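A.B. asks: I'd like to go over a predicted model; first the sequence, then the structure.
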2 protein chains.
Amino acid sequence: MTDALPAVPPPYEPTERTVPTRSRHRAAYDRPLVHAILDEGYVCHLGFVRDGAPVVLPTLYGRVGERLYVHGSTGSRPMRMAGGAGGGADTPGLPVCLTVTHVDGLVLAKSAFHHSINYRSVVVHGTARQVTDPEELRTALDALVDHVVPGRAADSRPGNAKELAATAVLRLDLAEVSAKVRTGGPNDEPEDAALPHWAGVIPVRSGHGTPEPAGDLDPAITLPGYLTAH
Amino acid sequence: MTDALPAVPPPYEPTERTVPTRSRHRAAYDRPLVHAILDEGYVCHLGFVRDGAPVVLPTLYGRVGERLYVHGSTGSRPMRMAGGAGGGADTPGLPVCLTVTHVDGLVLAKSAFHHSINYRSVVVHGTARQVTDPEELRTALDALVDHVVPGRAADSRPGNAKELAATAVLRLDLAEVSAKVRTGGPNDEPEDAALPHWAGVIPVRSGHGTPEPAGDLDPAITLPGYLTAH
């Protein structure tokens, strides 16, 4: 027997719409990179077509393996559009584009033209379908909560029958996926090197402030460990 | 003569697609609120329809009065789609949805169902058209740079003829616009008050790190005032 090779997951297969027409060197299809970008965020921008026109809404998401989940009220437009009559795998689903973006820095060049942003983004194309299996629904809802605050799903009251009935969850498989990443300093023209303007990168940081307890919170309930680590 | 009344701009007119089906109390059409949300950001998510399917891409934007500008390579897909043959006001333009979102806090409730996000977002529907007027092009490009770093456009080399020819700018009028805002703590059910889970808000902050000069920057060029204020 030979030693087991380390598991290197295959990259996502590029498609016509995940290969950019410009800046192709910034596109990537690495599965671990895509997962890392997705796992660092919790708000995506979900695009769909309504009456022939695009709609882009910010919404929370969660990831379980190669599936993303978004949720909303059963009465909201995208949920109604994706669910159809009864929902489930036999409905046509809703074609969507789900995009997650992290801004890492402002890139200031000597020329206005070469100003840029350091960022990491993931764009997922696919068809969102309503989750109807009760077990998958629970898993998805836990993932949505834990994606924002890891460890939180286990430390809150799970949804009851009424709440679950009011919540629609859509699943989007990670199949047609690309990441795009820009790093590093400005790419100024050599002939601009002597210009008297400052050039470089301003890092952009995101962080958390001091937790603010709810007004009616029993003071005996102290901040749990998964929040003090924030 | 009477004293001049303070200029209170009229709100944006709600339309069928800017009135949400859910959480209507969070929707707003106030012009100053919309402007403030737009001016605090610089990355938007731009949605358009390509071959019948939605596409959502992160991109920079700038605001000049009641107009938003986005830009890109003349060879990029949305720019080609919006510009048509020759571009300008006589082209059909590209129906878009432009969304800007700021996350202000994580809202942790005692019940999983009432977990939420404090946020401010603006959604703009409309038709993006390529800017062809040279003066408007300059104004738009300055606005795009100054939106990221106020004061920067005047402290960088403006685009030359070749760079301007390679850059397409799209204009989107602020007409069909809505803001959505959530603030405050969790809205738990009264019967959950005694549950032992911590509840409250974790503020989310965005900030800037120490500027990193470009590798080839003349050390005699010190950080300009508009950057030290960051």
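C.D. replies: Arrived safely, thanks for sending.
A.B. asks: Over to A:Ala179. Which of the three states is it?
C.D. replies: Secondary structure, DSSP: H, G, I helix; E, B strand; the rest coil: A:Ala179 is strand.
A.B. asks: Contacts only, for the closest residue in space to it that isn't next to it in sequence.
C.D. replies: Closest residue in space to A:Ala179, ignoring its immediate chain neighbours: A:Ala28 at 4.5 Å, by CB to CB, 6 or more residues apart in numbering or on different chains. From N, CA and C alone the C-beta is placed, and that goes for glycine too. Contacts here follow CB atoms under 8 Å, 6 or more residues apart in numbering or on different chains; on that basis A:Ala28 touches A:Val34, A:Ser178, A:Ala179, A:Lys180, A:Val181.
A.B. asks: Can you list the residue ranges for strands in chain A?
C.D. replies: Assigned by DSSP state E, chain A shows strands spanning A:27-28, A:43-50, A:53-64, A:67-73, A:94-108, A:116-130, A:167-173, A:176-182, A:200-208, A:212-213.
A.B. asks: can you pull the pLDDT of A:Arg182?
C.D. replies: For A:Arg182, the pLDDT comes out at 96.
A.B. asks: Tell me what it is bridged to.
C.D. replies: Beta bridges link A:Arg182 to A:Tyr119, judged by DSSP bridges.
A.B. asks: Contacts only, for it.
C.D. replies: Contact analysis of A:Arg182 by CB under 8 Å, 6+ apart lists A:Arg26, A:Val107, A:Ser116, A:Ile117, A:Asn118, A:Tyr119.
A.B. asks: The longest helix belonging to chain A packs against which elements?
C.D. replies: If you go by DSSP state H, chain A has its longest helix at helix A:134-148. When contacts are defined as 3 or more CB pairs under 8 Å, 6 or more residues apart in numbering or on different chains; DSSP states H and E, helix A:134-148 packs onto strand A:53-64, strand A:67-73, strand A:167-173.
A.B. asks: show me where pLDDT drops low in chain A?
C.D. replies: A:1-6, A:84-91, A:229-230 (pLDDT under 70).
A.B. asks: Please enumerate residues in contact with stretch A:138-145?
C.D. replies: Residues contacting stretch A:138-145 (CB under 8 Å, 6+ apart): A:60-64, A:69-71, A:131, A:152-153, A:156, A:158-159, A:164, A:167, A:169, A:171, B:112, B:115.
A.B. asks: Once you drop chain neighbours, what's closest to A:Asp39?
C.D. replies: In space, A:Asp39 is closest to A:Arg63, 6.3 Å off (CB to CB, 6+ apart).
A.B. asks: so how many other residues sit close to that neighbour?
C.D. replies: 21 (other CB atoms under 10 Å in any protein chain shown).
A.B. asks: mind checking how far it is from chain B?
C.D. replies: According to CB to the nearest CB, to the nearest Å, A:Arg63 and chain B sit 17 Å apart.
A.B. asks: ok so, going back, buried residues, the longest helix of chain A. List them.
C.D. replies: Within helix A:134-148, the residues that count as buried by 16 or more other CB atoms under 10 Å in any protein chain shown are A:Leu137, A:Arg138, A:Thr139, A:Ala140, A:Leu141, A:Asp142, A:Ala143, A:Leu144, A:Val145, A:Asp146, A:His147, A:Val148.
A.B. asks: Noted, bye for now.
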